[in-house]
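A.B. asks: After the sequence you'll find the predicted model.
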Amino acid sequence: MDGPLSSPRAFPLRWHLMLLVVGTLLPVVLFGAVVAHRLSQSERAAAERRLVQAARDLAATVDREMSSTIRTLSALAASERLERGNLKSFHIQAGRAARTQPSWMTVLLLAPDGRQLMNSRLPWGTALPAANELASLRRAVESRRPVVGDLARGPGGNLAFPVRVPVLQGGEVRYVLTAAITPQLLAGVVGRQLPSQEEWTRTVVDRQGTVVARTRHPERFVGTPGTPSFIRSLREAREGLRPSTTLDGQAVYTSFSHASLSGWTAVIAVPRGVVEGPARRTMTAVAGAGLALLLVSGLGAFVLSRHVSQGIASAASAAAVLAHGGRPRVQPSRVAEVARLSEALDQSADLLAQRESERNEHLAHAEASRAEAEAASRAKDEFLAMLGHELRNPLGPIRNGAHLLRQLVPKDERVARVLEIIDRQIAHIVRLVDELLDASRIARGKVVLQKELLDLRLVARNVYEDFAPDFERVGIAFHLDLPPAEVWVHGDRTRLAQCLGNLLHNAFKFTPAGGNVALALTVEGELALLEVRDDGPGIDPGLLPALFEPFSQGPQSLDRGQGGLGLGLALVKGLAELHGGTVRAHSDGPGKGTVFTIALPLKPAVEAAAAAF
């Protein structure tokens, strides 16, 4: 006969609570360690991205300085004295230009073979040595483009680098105009933007890896080459982040980026602890917090072994009351944690009431801010409308004056050329003012469309005939592609023509001579699609989302040669939406051309025929 069943061994409540706490918190601690590791890696990646971006920005700043010097040299290269071969007179002009540039040591005029023909620092007629740093001279002659040379010591022992601009005459390189520039130019550039706290030093090196500018101890390192490993890493990639050692023996991480114009490299060096330190600190903090949490929880399990059930039940009831918006009341308990929980619930009730009051206050502030923003937007629209009308007023007298001059001096070619410039600029200003007024009218809902039933083919053909002479004049092939059948829409003929005109005006501005522009009309389902396609410079896909916003423009050269207010595409979008349609743009990137499409709802053929009848 079997004996009585043996009871399992019982353990005190405190041990069960400790096992419960450890079993619950250990996975949380492990999960926290994993999350902390991921966060530390993310912080490191963010730090690396910041450093690479800083190097990229510094490289762009270097290129801007070089572009400014190249523009100044290009303007000097266009001198009539140089074109006539009057080098003695040009020597005086070059000397005056060099004195306006504090960082220019001298201006040199070189023959393509390297012979010095003129040196602005030396009196005219002085015997001149051969040019220094011939590699950049050869590149300038072969490429026929401006070139930035490498840092080198001149005959007097001074450090300088050349900026060379080839001078073309008769399609050949006649001279190479060179500015010898001291490294102090770039010392001002790297020091102009103070580095952030995590950066240790900023450096600019030339194509050969020679230091041209450095924020820390420039007197020691400018003109010295970088370490072989550093130069190797610069030649392996255009930009990146590498662990390295500086010339003065500091262990750092180095971010670098090549400048596209000069071919030089911008370098940001930071102590290795800036990149590696966050990961170590995060993991140490997580490990310490996990151990402390386990220890505190174990001690709490020992303390709460008595009356734990009653305390928890009372706390649960109080929490339920709090969840329903009531005031919690917890029964007194000798367990300190439960007593503190009661106090915390009371404080939470107070805090929730306070948060509710703050939320209502924030909502009131938000409503007031929204009203202020709407008022500011209305004021802006009214200002633009007033500005457009005020700008239009003086255009009539200017145009009448030009017409009167043409009548008074009908056969003077110089006056005719001036009047042609005035007429062209007035037309440009009129277009800008009209765009400004139309944008203001659309923003204020003041545009009234004169809609009628029309065949889009006629609108497209009329716009094509208006623009064809302009495209032919500049050597751009202009194509028209229309379907054989009518394409009926309900719209404003003038405003639709304005939409197409704005798109074709854009294509005209940005398509080079010899390019192609096409205007096409197609039908897709219940939509009529007006498409303007060009093979111009294209648009960065990242700029497409904001392309149709008012005053939005893509990158332009510093001379803003294309002009415009950035309203043309915004007007196209606004007018298309007033017709119940949409407008979109597509480009595969710079150099791939651009396609603009206006989609309008079709008028069914039967309905169109009935309306026409």
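C.D. replies: Arrived safely, thanks for sending. Numbers count the residues shown, from 1 in each chain.
A.B. asks: and stretch 528-540, which residues are buried?
C.D. replies: For stretch 528-540, burial by neighbour count (16 or more other Cβ atoms under 10 Å) applies to 528-539. Any C-beta I mention is one placed from the backbone N, CA and C, and that applies to glycine too.
A.B. asks: and of those residues, the nearest to V212?
C.D. replies: V212 lies nearest to P537 out of these, by Cβ to Cβ, at 31.8 Å.
A.B. asks: Helix, strand, or coil at the closest one?
C.D. replies: coil (DSSP: H, G, I helix; E, B strand; the rest coil).
A.B. asks: Now it. Its backbone dihedrals?
C.D. replies: When read as degrees, to the nearest 10, the backbone of P537 gives phi -70, psi -10.
A.B. asks: quick one: which helix or strand includes the residue nearest to V572 when sequence neighbours are not counted?
C.D. replies: Closest residue to V572 apart from its sequence neighbours, by Cβ to Cβ, 6 or more residues apart in numbering: C499 at 4.7 Å. Assessed by DSSP states H and E, C499 sits inside helix 493-510.
A.B. asks: same deal with R461?
C.D. replies: helix 456-474.
A.B. asks: Pull the residues that contact that helix.
C.D. replies: Residues from elsewhere that reach helix 456-474 (Cβ atoms under 8 Å, 6 or more residues apart in numbering): 477-478, 480, 482-483, 486-489, 493, 496-497, 500-501, 504, 508, 513, 517, 519, 521, 528, 530, 600.
A.B. asks: Would you mind checking those residues for buried ones?
C.D. replies: Buried by 16+ other Cβ under 10 Å: 478, 480, 482, 487-489, 493, 496-497, 500-501, 504, 508, 517, 519, 521, 528, 530, 600, out of the contacts of helix 456-474.
A.B. asks: Break this structure down into its domains, please.
C.D. replies: What automatic domain parsing lists as the domains of the chain is 12-305, 309-373, 377-442, 448-554+563-612.
A.B. asks: ok, back up a step: which two from the buried residues of stretch 528-540 end up farthest apart in space?
C.D. replies: Spatial extent of the buried residues of stretch 528-540 (Cβ to Cβ) is set by the pair A528 and P537 at 28.5 Å.
A.B. asks: For L454, grab the count of nearby residues.
C.D. replies: 19 (other Cβ atoms under 10 Å).
A.B. asks: Check the spacing between it and L529 real quick.
C.D. replies: With distances taken as Cβ to Cβ, to the nearest Å, L454 is found 16 Å from L529.
A.B. asks: Dig out what the closest residue to E524 other than its chain neighbours forms beta bridges with.
C.D. replies: Nearest-residue entry for E524: A599, 8.0 Å, with adjacent residues in sequence omitted and distances by Cβ to Cβ, 6+ apart. Beta-bridge partners for A599, by DSSP bridges, are L529, T582.
A.B. asks: so what's A599 up against?
C.D. replies: A599 neighbours (Cβ under 8 Å, 6+ apart): 524, 527-529, 576, 581-584.
A.B. asks: Taking those, tell me the two that lie furthest apart.
C.D. replies: Maximum distance among these (Cβ to Cβ): 15.5 Å, for E524 and A576.
A.B. asks: going on from the top helix by length along the chain, what's the next piece of helix or strand?
C.D. replies: Among the segments of the chain that qualify as a helix by DSSP state H, the longest is helix 13-77. Using DSSP H and E, the helix or strand that follows helix 13-77 in sequence is helix 80-83.
A.B. asks: Can I get that next one in PDB, CA atoms only?
C.D. replies: Provided in PDB are the C-alpha atoms of helix 80-83 (Å, rounded to 0.1, in the frame of the first residue of the first chain):
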ATOM      1  CA  GLU A  80      40.500  94.900 -74.000                       C
ATOM      2  CA  ARG A  81      44.200  95.800 -73.400                       C
ATOM      3  CA  LEU A  82      45.000  92.100 -73.200                       C
ATOM      4  CA  GLU A  83      42.900  91.400 -76.300                       C
END
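A.B. asks: how about it: buried residues?
C.D. replies: Applying 16+ other Cβ under 10 Å to helix 80-83 flags L82 as buried.
A.B. asks: Can you give the distance of it from its chain's centre?
C.D. replies: Relative to its parent chain, helix 80-83 has a centroid offset of 40 Å by Cα atoms, centre = their mean, to the nearest Å.
A.B. asks: hang on, isn't W264 packed against H258?
C.D. replies: Yes. Taking Cβ atoms under 8 Å as the definition, W264 is a contact partner of H258 at 7.4 Å.
A.B. asks: Need the overlap of contacts for the two.
C.D. replies: A59.
A.B. asks: For P537, report the pLDDT, please.
C.D. replies: As summarised for this prediction, P537 has a pLDDT of 83.
A.B. asks: contacting residues around the nearest residue to T511 once chain neighbours are set aside?
C.D. replies: Nearest residue to T511, sequence neighbours excluded (Cβ to Cβ, 6+ apart): G536, at 4.1 Å. G536 makes contacts with 507, 510-512, 515, 593-594, as judged by Cβ under 8 Å, 6+ apart.
A.B. asks: Could you tell me which of those residues count as buried?
C.D. replies: Buried members of the contacts of G536, counted by 16+ other Cβ under 10 Å: 507, 510-511, 515, 593-594.
A.B. asks: among the residues you listed, which two are most distant?
C.D. replies: G515 and T594 (11.4 Å).
A.B. asks: Can you check which residues contact both of these two?
C.D. replies: Counting by Cβ under 8 Å, 6+ apart, the residues touching both G515 and T594 are 534, 536.
A.B. asks: sorry, back to before: would you mind telling me which of E524 and A576 has more residues around it?
C.D. replies: Ranked by neighbour count (other Cβ under 10 Å), E524 and A576 place A576 first, with 23 against 10.
A.B. asks: Name the residues of the helix or strand containing the more buried one that come out as buried.
C.D. replies: Applying DSSP H and E as the criterion places A576 in helix 568-578. Buried residues in helix 568-578, defined by neighbour count with 16+ other Cβ under 10 Å: 568-576, 578.
A.B. asks: Next: stretch 100-110.
C.D. replies: 101, 103-110.
A.B. asks: Please convert the contacts of A599 to TSV, extending it with distance to D350 and pLDDT.
C.D. replies: Below are these laid out as TSV (distance: Cβ to Cβ, whole Å; pLDDT from 0 to 100):
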residue	distance to D350	pLDDT
E524	63	92
L527	60	93
A528	64	93
L529	63	94
A576	56	85
G581	56	91
T582	53	91
V583	55	90
R584	54	90
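A.B. asks: Closest one of the residues you listed to W200?
C.D. replies: So of the contacts of A599, ranked by how close each gets to W200 (Cβ to Cβ), first place is R584, at 47.5 Å.
A.B. asks: Surely that closest one and T597 touch.
C.D. replies: Yes. Using Cβ under 8 Å, R584 is in contact with T597, at 5.4 Å.
A.B. asks: So if I had to pick from these two, which one is more boxed in?
C.D. replies: T597 (21 against 14).
A.B. asks: Am I right that the more buried one falls within a helix?
C.D. replies: No. Assessed with three-state DSSP, T597 is strand; it does not lie in a helix.
A.B. asks: what's the spacing between it and V532?
C.D. replies: From T597 to V532 the distance is 8 Å (Cβ to Cβ).
A.B. asks: ok, now Q347?
C.D. replies: In terms of Cβ to Cβ, Q347 sits 65 Å off from V532.
A.B. asks: ditto for G525
C.D. replies: 20 Å.
A.B. asks: bridging residues for V595?
C.D. replies: With DSSP bridges as the rule, V595 is bridged to R533, H586.
A.B. asks: any idea how far S79 is from it?
C.D. replies: For V595, the distance to S79 (Cβ to Cβ) stands at 44 Å.
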